[in-house]
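> The following block contains a protein sequence and its predicted model.
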Amino acid sequence: MEVLPLVALVAGSAAVAGLARRTPVPAPLLLVVAGLVASYVPGVPPYVLDPHVVLPLILPPLLYTAAVDSSYLDLRANVRPVALLSVGYVLFATLAVGYAAYLVIPGLPLTAALVLGAVVAPPDAVAATAIARRLGLPPRITTILQGESLVNDATAITAYKVALAAVVGEGAGWTGGLADFLLASVGGVGVGLLLMVPIHHLRTRMREPLLQNTLSLLIPFVAYAAAERVHASGVLAVVVVALYLGHRNWQVDFATRLQEEAVWKMVSFVLESVVFALIGLQLQVVLRGLGEYEGVSAAWYALAVFLAVVVSRFVWVFPATFLPRRLSARIREREPDTSWKSPVIVGWAGMRGVVSLAIAFSIPMTVDGGGPFPHRNLLLFLTFTTVIGTLVVQGLTLPPLIRALRLPPRDVRAETLAEAQAQSEASRAAEERLDELLREPSNALPPPLADRLRTVLERRRNAVWERLGEANPVTGESADDTYRRLAREMIEAEREVFVSLRDGRRIDDEMLRTLLRRLDLEEAAAYREEAP
């Protein structure tokens, strides 16, 4: 692809994603719609979604950011429902959707129908995470959706390879397919386990934040490539490494963490924006290959596959939610009670995304013997309509559905109270350590500097408690909000003076940068509790 269309794609996607932040519509949906509209604009080049780019170059960093931000402890606590969705549901959807397509589409071989089933089986990692964050779903539902989306791509890709081998004449039967599945899953986890400790050791030994962040950017690609090299699941390798590194991220120095957070926020924002815009931009590419099929028939097939995808998820989710609880007293004791509302949300939150399209575009043109792949263009069209249908229909209706069901919201006050108690215990330990250090002659400090350390500590301890207090009747701010606003005003006044001194040639630009960086760090510390 030429440079200018690529730059236009990134810039346009970022602009639409930025606009979405000012609207109630989730960014993935607005980006898909913008891509659909742009595909009809004269002069817009054909953006073909290349699976050789998406799977090894775009999917790993998106999975890495999602896994690093996930909670290993929460995922471990919900491993049963996550496994039932990420493995059990994907295999069930492969069979159910594939068989439904086989029944509806005349002349479609069952093996080719199963290829379609595997392609559209996995809900999208990016869509699920983005919409769950935006809607503020209860923590357990969010954890289950995130956990499912991290692992299900590996299951779907393996199922796709098995079904594809049967179509093109390379299949070794279902026994061989099961062996391939076990190799991919166990091998992917194994590669991740082998890499995670050495990578973390290297991260904690490096002292230069720029080098550490360069390593951080390479990690998902290294893990993915290493696993794929031995025919294991690169997706699982990336997820295992990312979960381990995220769980132990506190052992990396603060400068690396600050820089890494900013870098990965930018990377994930750009990639997510481009990915969803690319989905919409595939419309013309898909329609061009559909010439051999009648419009009414193709539309009916698309509706049938879409309904099969939606219905099969509910058919799996409800028994998978309630049947294990009914059969096992241990599960009833270990897991919280679940109402019918939670599986409704989980069932309706199964949006498909770019991975399905990328896999579909990787379907070969021919099979063994040189003949054409049966109904390839139709399978590509059905994948596209399913992705668009789930993103638009389910994505747009999920927020009102959640409001209608009146799920219990996050208990913000309880979370703030837990945060305040944790901060209080940590501050007490820090104060004891400070007293211990100041008793040593080598750590003698003038009283004003020692008091400053205590003041900073007290400020940290009180900041969270103040969020539980009453708001200012005039501004609606808490005392903590007012403190941070006044701190910013003071810092801004200092910043203006430094700039005026530079403009008057009383200090040079190098000194200005040093002074401004100091103010930036103080401002960042004052606003550390703000939501991004």
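That came in fine, so what should we check first? Numbers count the residues shown, from 1 in each chain.
> can we go C-alpha only for contacts and neighbour counts from here?
Noted.
> Can you tell me how far residue 196 is from residue 189?
10 Å (Cα to Cα, to the nearest Å).
> Quick check: neighbours shared by the two?
Residues touching both residue 196 and residue 189 (Cα atoms under 8 Å, 6 or more residues apart in numbering): residue 240.
> Low-confidence regions, the stretch 201-350 of the chain specifically.
Low-confidence segments of the stretch 201-350 of the chain (pLDDT under 70): 291-292, 294.
> Provide the count of other residues in contact range of residue 50.
Counted with other Cα atoms under 10 Å, residues neighbouring residue 50 total 13.
> Let me see the contact set for it.
Residues counted as contacts of residue 50 (Cα under 8 Å, 6+ apart) are 358, 361, 362.
> Nearest to residue 279 among those residues?
Of all the contacts of residue 50, residue 279 sits closest to residue 358, with 9.6 Å by Cα to Cα.
> number of nearby residues for that closest one?
Considering only other Cα under 10 Å, residue 358 is surrounded by 22 other residues.
> Surely it is in contact with residue 48?
No - Residue 358 is beyond contact range of residue 48, at 10.0 Å (criterion: Cα atoms under 8 Å).
> Common neighbours of these two, please.
Common neighbours of residue 358 and residue 48 are not found (criterion: Cα under 8 Å, 6+ apart).
> how long is stretch 438-450 from one end to the other?
8 Å.
> now stretch 282-293
Start-to-end, stretch 282-293 (Cα to Cα) is 18 Å.
> Counting neighbours, which bits of that stretch end up buried?
In terms of neighbour count (16 or more other Cα atoms under 10 Å), stretch 282-293 has its buried residues at 282, 283, 285, 286, 290.
> what do you get for stretch 106-120?
By 16+ other Cα under 10 Å, the buried positions in stretch 106-120 come out as 109, 110, 111, 112, 113, 114, 115, 116, 117, 118, 119, 120.
> again with stretch 419-426
420, 423, 424.
> Return the residues in contact with the last one.
Residues in contact with residue 424 (Cα under 8 Å, 6+ apart) are residue 461.
> Residue 107 falls within a helix, correct?
No - under DSSP: H, G, I helix; E, B strand; the rest coil, residue 107 sits outside any helix and is assigned coil.
> Skipping its backbone neighbours, what lies nearest residue 251 in space?
Distance criterion Cα to Cα, 6 or more residues apart in numbering; nearest residue to residue 251, sequence neighbours excluded, is residue 204 at 6.7 Å.
> In terms of helices and strands, where is that neighbour?
helix 173-205 (DSSP states H and E).
> need the next SSE after that helix, C-terminal direction.
With DSSP H and E setting the assignment, the helix or strand that follows helix 173-205 is helix 209-229.
> In terms of secondary structure, what does that next one contact?
For helix 209-229, the elements it packs on are helix 59-68, helix 173-205, helix 234-247, helix 254-281, judged by 3 or more Cα pairs under 8 Å, 6 or more residues apart in numbering; DSSP states H and E.
> buried residues in the longest one?
Okay, so that is helix 173-205. Buried, per 16+ other Cα under 10 Å, within helix 173-205: 177, 180-181, 183-192, 195-196, 199-200, 203-204.
> Centre of the chain to it, how far?
For helix 173-205, the separation from the chain centroid amounts to 21 Å (computed by Cα atoms, centre = their mean, to the nearest Å).
> neighbours around the closest residue to residue 186 other than its chain neighbours, how many?
If you skip the residues right next to it in sequence, residue 186 has residue 232 as its closest partner in space, 7.6 Å away by Cα to Cα, 6+ apart. By other Cα under 10 Å, 27 other residues sit near residue 232.
> so how far is residue 246 from residue 232?
Counting by Cα to Cα - residue 232 and residue 246 are separated by 23 Å.
> try residue 488
Using Cα to Cα, we find residue 488 at a distance of 31 Å from residue 246.
> re earlier: quick one: which of the contacts of residue 50 is nearest residue 456?
Proximity of the contacts of residue 50 to residue 456 (Cα to Cα) peaks at residue 358, which lies at 51.5 Å.
> helices and strands around the helix or strand where that closest one lies, which ones?
Using DSSP H and E, residue 358 sits in helix 354-361. The contact analysis (3+ Cα pairs under 8 Å, 6+ apart) places helix 354-361 against helix 51-53, helix 110-120, helix 254-281, helix 376-389.
> got a list of contacts for it?
So helix 354-361 is in contact with 49-51, 54-55, 59, 116, 119-122, 124, 153, 157, 275-276, 279, 379-380, 383-384, 387, going by Cα under 8 Å, 6+ apart.
> Residue 443 and residue 437 touch, don't they?
Yes - in this structure, residue 443 is within contact of residue 437 by Cα under 8 Å, at 6.3 Å.
> the more surrounded of the two?
The neighbour comparison of residue 443 against residue 437 (other Cα under 10 Å) goes to residue 437, with 13 against 10.
> Which residues are in contact with that one?
residue 443.
> What separation do you get for it and residue 351?
Taken as Cα to Cα, the span from residue 437 to residue 351 is 55 Å.
> before we move on, what about residue 293?
To residue 351, residue 293 is 26 Å away according to Cα to Cα.
> what do you get for residue 487?
Taking Cα to Cα, one finds residue 487 at 43 Å from residue 351.
> ditto for residue 36
Taking Cα to Cα as the measure, residue 36 falls 17 Å from residue 351.
> of the contacts of helix 354-361, buried ones?
Counted by 16+ other Cα under 10 Å, the contacts of helix 354-361 give 49, 51, 54-55, 59, 116, 119-122, 124, 153, 157, 275-276, 279, 379-380, 383-384, 387 as buried.
> Which residue comes closest to residue 312 once chain neighbours are left out?
Nearest to residue 312 is residue 93, by Cα to Cα, 6+ apart, at 6.2 Å.
> Regarding that neighbour, what is its secondary structure?
Using three-state DSSP, the structure places residue 93 in helix.
> Burial check on it, number of neighbours?
Residues within reach of residue 93, counting by other Cα under 10 Å, total 27.
> if we can go back for a sec, now render the contacts of residue 50 as JSON lines, adding distance to residue 262 and pLDDT.
Shown next, in JSON lines, are the contacts of residue 50 (distance: Cα to Cα, whole Å; pLDDT from 0 to 100):
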{"residue": "358", "distance to residue 262": "28", "pLDDT": "90"}
{"residue": "361", "distance to residue 262": "33", "pLDDT": "91"}
{"residue": "362", "distance to residue 262": "33", "pLDDT": "91"}
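> Would you mind checking which of the residues you listed is nearest to residue 78?
Proximity of those to residue 78 (Cα to Cα) peaks at residue 358, which lies at 29.2 Å.
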